[in-house]
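Trainee: Just the structure for this:
(chains A and B)
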2 protein chains.
Amino acid sequence: MRKGNLMGVRSDIKVLDATIRDGGLCNNFEFSDEFVKALYKANVRSGIDYMEFGYKASKAMFNESEHGKWKFCNEEDLRAIVGENPSDMKIAVMADVGRCDYKTDFLPKSESVIDMVRVACYIHQIPAALDMINYFHDLGYETTCNIMAVSQASTDQINQALEMLNQSPVDVIYLVDSFGALYPENACELAKVYIAAAEKSGKSIGFHAHNNQNLAFANTIETLSYGVSYLDATVQGMGRGAGNCALESLLGFLKNPKYNLYHLLLFIENNMHQLREQGVTWGFDLHYMFTGMLNCHPREAIAFTDQKRTDYSQFYKELLDNV
Amino acid sequence: MRKGNLMGVRSDIKVLDATIRDGGLCNNFEFSDEFVKALYKANVRSGIDYMEFGYKASKAMFNESEHGKWKFCNEEDLRAIVGENPSDMKIAVMADVGRCDYKTDFLPKSESVIDMVRVACYIHQIPAALDMINYFHDLGYETTCNIMAVSQASTDQINQALEMLNQSPVDVIYLVDSFGALYPENACELAKVYIAAAEKSGKSIGFHAHNNQNLAFANTIETLSYGVSYLDATVQGMGRGAGNCALESLLGFLKNPKYNLYHLLLFIENNMHQLREQGVTWGFDLHYMFTGMLNCHPREAIAFTDQKRTDYSQFYKELLDNV
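Mentor: Predicted coordinates for the structure are as follows:
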């Protein structure tokens, strides 16, 4: 049932670094240009396949002066970092259903340094996601559909969503464990459902983990072993709340010699401690474990962090009251 | 192939808290009596099946004045904490092959509050372990054999060790991932080998994880799903180097209503920050990830921690030279 083994290379594997995008949720996307440039260079040297720079958020809904530039990913801001992107690494951005003016904010692929647009949606928003996917495909972009919060979706919903996506031009369908609620066992069962559906249409499956139960890396390598091929990770797991799969763990695991852990280590040594010193916080902690266990949105746990609370047992009781 | 499922209860599961024993390796076993008493009470209230108090180390080899009392687990020290242990929770201690005067330092079970002796050995020490197991069994104790560092053992060695243990009176055979080198995939393959062997003799299989690659919890719940039933964990993963499977993660996962996370949370809130404030360190970090990836002893990584080094990339290069 597993595809490949722990010794070999799977040529279908693609690693996507989502540090600026998911990590940007921790610091309002306010990374310095030096940081983003250094990460871009480190990712190229480390053999990363895709680097996601941020969101293409609606400027009608969000004020550009109130957020870092990577919430909007203007073409000129991307080019200030990557130039013409003279590398094998592709550039991705995320477009949220309902929070993106996609008909005005995207250039044709031929005029943009962006390679891939990742459309994020909840499962009831698949029709809206399909409109966007068709539009981006026609512009010439690679596309993904990142179906969030699948741990709360029913089997019927998932099957119907996969059927609808199979009939679209989308390239990659992502299983997104938004709440960090999945264990390796059910993450793999879900991944098998996605993989079986995608085999009919020749599409690839991706996995985006959250680390609420300290299982982000484990779920990523377990689902990959059954045939997931697009793997999201972030440097030191930087991402909202408990964060994501750590890119350094993933590169340490993958056997393809194109991936080089050393350059990523240099980046971490030289850049990541500054974020921590600025007070940017993320990562596994008890209160995120609770929301993962209870399969609920981490918003209360993020508030617990923001309020610098340490009364874990009281917070656990509050969550049990709310579930 | 899996035994049970994510919704149900497996009545064969036993949880062993090894905080004082494996965690004692982080602070030279110098826990206050208040700490150990509070943990004992919390474990009883949390439904923990076994609590391991420490080692029975040779007083000829180790000076009692140079180590905390839990390196020796004198009967009177145990009784000062647990009295006659009027609870359903059993008391375990560990005896290391070659570092334990077992013929003089153990009372008959009928005179001791200890219930279980866990014999730790490397795979080439199985004959010595068998002598000890027979001796402890004759004294009336439950016994385990914890075969350490199996990630470096050959399949032949493992099969022969299991065969020898199958012919002994040992109750539980432990798969010990001393280097935190196993991934869920090969941890489960190894566990299946242990389980298949033990089914012939009616013995149980245990798993003791280390968190070098942030996989301790994942490997514990994955191997349990294939039939491992004795599960080691420590509070907040406290243990040598990268530490162990976190007890709170494990209790959050298990569905048996006998396990109660809340009392453990109270213990954590009231007691664990003091250890951190005393400068006791453990837990996942990059340098432990390297030794896990490279399947080697964490001694260099522990020295890296002790020297307060942060030059991860240099350390990684040094390890690659040494492997």
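
Trainee: So which residues make contact with stretch A:83-96?
Mentor: A:16, A:21, A:43-44, A:48-57, A:73, A:78, A:82, A:102, A:113-121, A:132, A:136, A:142, A:146 (CB atoms under 8 Å, 6 or more residues apart in numbering or on different chains). Quick note: C-beta positions are derived from backbone N, CA and C, even for glycine.

Trainee: Identify the residue of chain A closest to chain B, quick one.
Mentor: residue A:218 (3.2 Å; CB to the nearest CB).

Trainee: In chain A, where is pLDDT below threshold?
Mentor: Filtered on pLDDT under 70, chain A yields the residue ranges A:323.

Trainee: how about the residues of it near chain B?
Mentor: Residues of chain A found near chain B (CB under 8 Å from any CB of the partner chain) are A:2, A:6, A:183-186, A:213-215, A:217-219, A:221-222, A:225, A:246, A:248-249, A:252-253, A:261-262, A:265-266, A:268-269, A:273, A:286, A:289-290, A:293, A:310-313, A:316-317.

Trainee: change it to 6 Å
Mentor: With CB under 6 Å from any CB of the partner chain as the criterion, chain A meets chain B at residues A:6, A:184-186, A:214-215, A:217-218, A:222, A:225, A:252, A:265-266, A:269, A:293, A:312-313, A:316.

Trainee: Pull out the buried members of those.
Mentor: A:184-185, A:214-215, A:217-218, A:222, A:225, A:252, A:265-266, A:293, A:312-313, A:316 (16 or more other CB atoms under 10 Å in any protein chain shown).

Trainee: quick one: which of those sit in helices?
Mentor: Among those, DSSP state H puts A:184-185, A:217-218, A:222, A:225, A:252, A:265-266, A:293, A:312-313, A:316 in helices.

Trainee: just checking, residue A:6 is part of a strand?
Mentor: No. Assigned with DSSP: H, G, I helix; E, B strand; the rest coil, residue A:6 falls outside any strand and is coil.

Trainee: ok, back up a step: list buried residues within the contacts of stretch A:83-96.
Mentor: Neighbour counting with 16+ other CB under 10 Å marks A:16, A:21, A:43-44, A:48-57, A:73, A:78, A:82, A:102, A:113-121, A:132, A:136, A:142, A:146 as buried within these.

Trainee: Which parts of chain A are strands?
Mentor: Ranges of strands in chain A, per DSSP state E, are A:14-17, A:50-55, A:90-96, A:116-121, A:142-147, A:172-176, A:204-208, A:230-233.

Trainee: Quick one: those as TSV, columns for distance to residue A:193 too.
Mentor: Output for the strands of chain A, formatted as TSV (distance: least, CB to CB, whole Å):
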stretch	distance to residue A:193
strand A:14-17	21
strand A:50-55	24
strand A:90-96	24
strand A:116-121	18
strand A:142-147	12
strand A:172-176	9
strand A:204-208	10
strand A:230-233	16
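
Trainee: so which of those gets nearest residue A:166?
Mentor: Closest of the strands of chain A to residue A:166 is strand A:172-176, at 8.4 Å (criterion: CB to CB).

Trainee: Could you tell me the angle between the closest one and strand A:50-55?
Mentor: Put simply, strand A:172-176 runs at 70 degrees to strand A:50-55, going by axes from the mean of the first three to the mean of the last three CA atoms, to 10 degrees.

Trainee: Show me what strand A:172-176 packs onto, helices and strands only.
Mentor: Judged by 3 or more CB pairs under 6 Å, 6 or more residues apart in numbering or on different chains; DSSP states H and E, strand A:172-176 is in contact with strand A:142-147, helix A:184-201, strand A:204-208.

Trainee: Domain map for chain A?
Mentor: For chain A, automatic domain parsing gives the domain ranges A:14-277, A:286-322.

Trainee: okay, those, which one's buried deepest?
Mentor: Of the domains of chain A, the one with the most neighbours on average (mean count of other CB atoms under 10 Å in any protein chain shown) is domain A:14-277, at a mean of 20.

Trainee: Off-centre distance for it?
Mentor: Here domain A:14-277 is found 3 Å from its chain centre; the criterion is CA atoms, centre = their mean, to the nearest Å.

Trainee: and that domain, how far apart are its ends?
Mentor: Chord length of domain A:14-277, first to last residue, is 32 Å (CA to CA, to the nearest Å).

Trainee: go on, stretch A:159-179?
Mentor: End-to-end distance (CA to CA), stretch A:159-179: 20 Å.

Trainee: can you list contacts of it?
Mentor: A:123, A:126, A:130, A:133, A:137, A:142-146, A:148-151, A:190-191, A:194, A:197, A:201, A:203-210, A:230, A:295 (CB atoms under 6 Å, 6 or more residues apart in numbering or on different chains).

Trainee: again, but for stretch A:235-249
Mentor: Residues outside stretch A:235-249 that contact it (CB under 6 Å, 6+ apart) are A:17, A:19, A:22-23, A:25, A:180, A:209-212, A:216-217, A:220, A:233-234, A:264, A:272, A:282-284, A:288, A:298, A:302.

Trainee: among the buried ones among the residues of chain A next to chain B, which two are most distant?
Mentor: Of all pairs drawn from those, the greatest distance, 41.2 Å, lies between A:266 and A:313 (CB to CB).

Trainee: Quick check: end-to-end length of stretch A:105-116?
Mentor: Start and end residues of stretch A:105-116 are separated by 14 Å (CA to CA).

Trainee: for stretch A:272-280, that is, sorry about that
Mentor: Separation of the first and last residues of stretch A:272-280 by CA to CA is 10 Å.

Trainee: Equivalent analysis for stretch A:146-163, please.
Mentor: Terminal residues of stretch A:146-163 lie 15 Å apart, using CA to CA.

Trainee: what's the answer for stretch A:12-31, then?
Mentor: 31 Å.

Trainee: so how far is it from its chain's centroid?
Mentor: 7 Å.

Trainee: still on that earlier bit, any chance of a markdown table for the domains of chain A, columns distance to residue B:322?
Mentor: As requested, the domains of chain A are exported to a markdown table (distance: least, CB to CB, whole Å):
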| stretch | distance to residue B:322 |
| --- | --- |
| domain A:14-277 | 16 |
| domain A:286-322 | 36 |
